[in-house]
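Colleague: Give me the fold of what follows.
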Amino acid sequence: MQIASGTIVGGKVVVDGLSLPEGTVVTVIARGDEIAVRLPPQQEVELLDALEEADREEGISAEELFTRLKRFG
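Modeller: Predicted structure coming up:
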C-alpha cells in the first residue's frame with residue numbers, strides 16, 4: 001500500500017512523485033470543508049488509531065490482506 005497526495009487536474013487525480021501501473025484501483029479521500037464526515041466518538045477513535053498504525057507501518061501486507069479477503073469470496 002502506498003499513500004500519496006494529489007490534485008484534481010482536468011477532472012482527474014494527478015499525483016506527483018508516484019507512478020502506478022495503468023488500471024490500478026485507488027481510493028481517494030478528499031480534504032476540505034465541502035463534505036463533512038461525522039463519526040460517533042468511538043468510531044473516530046478507531047479511525048485515528050488506524051491512521052496512526054498506518055503511519056507506523058504496522059499491520060499486514062497488502063498481499064496478506066488480499067489472501068484473507070479471498071476467504072470471503
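
Colleague: hey, which helix is longest across the protein?
Modeller: helix 41-55 (DSSP state H).

Colleague: Can you name the residues that contact the residue nearest in space to the middle of the chain?
Modeller: Centroid-nearest residue in the chain: residue 27, 5.4 Å away (criterion: CA atoms, centre = their mean). With contact set as CB atoms under 8 Å, 6 or more residues apart in numbering, residue 27 has no partners. C-beta coordinates here come from the backbone N, C-alpha and C atoms, glycine included.

Colleague: got the CA positions of the longest helix of the chain in CSV?
Modeller: In CSV, the C-alpha atoms belonging to helix 41-55 read as follows (Å, rounded to 0.1, in the frame of the first residue of the first chain):
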residue,chain,number,x,y,z
PRO,A,41,-16.8,9.3,19.2
GLN,A,42,-15.8,5.6,19.3
GLN,A,43,-15.5,5.3,15.5
GLU,A,44,-13.5,8.5,15.4
VAL,A,45,-11.0,7.0,17.9
GLU,A,46,-10.8,3.8,15.9
LEU,A,47,-10.1,5.7,12.7
LEU,A,48,-7.4,7.8,14.3
ASP,A,49,-5.8,4.7,15.8
ALA,A,50,-5.9,3.0,12.4
LEU,A,51,-4.2,6.1,10.8
GLU,A,52,-1.5,6.2,13.4
GLU,A,53,-0.9,2.4,12.9
ALA,A,54,-0.6,3.0,9.2
ASP,A,55,1.9,5.8,9.8
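
Colleague: tell me how far that helix is from the chain's mean position?
Modeller: Offset of helix 41-55 from its chain centre (CA atoms, centre = their mean, to the nearest Å): 13 Å.

Colleague: Tell me the first helix or strand C-terminal of it.
Modeller: Downstream of helix 41-55, the next assigned helix or strand under DSSP states H and E is helix 62-70.

Colleague: elements contacting that next one?
Modeller: Using 3 or more CB pairs under 8 Å, 6 or more residues apart in numbering; DSSP states H and E, no helix or strand is in contact with helix 62-70.
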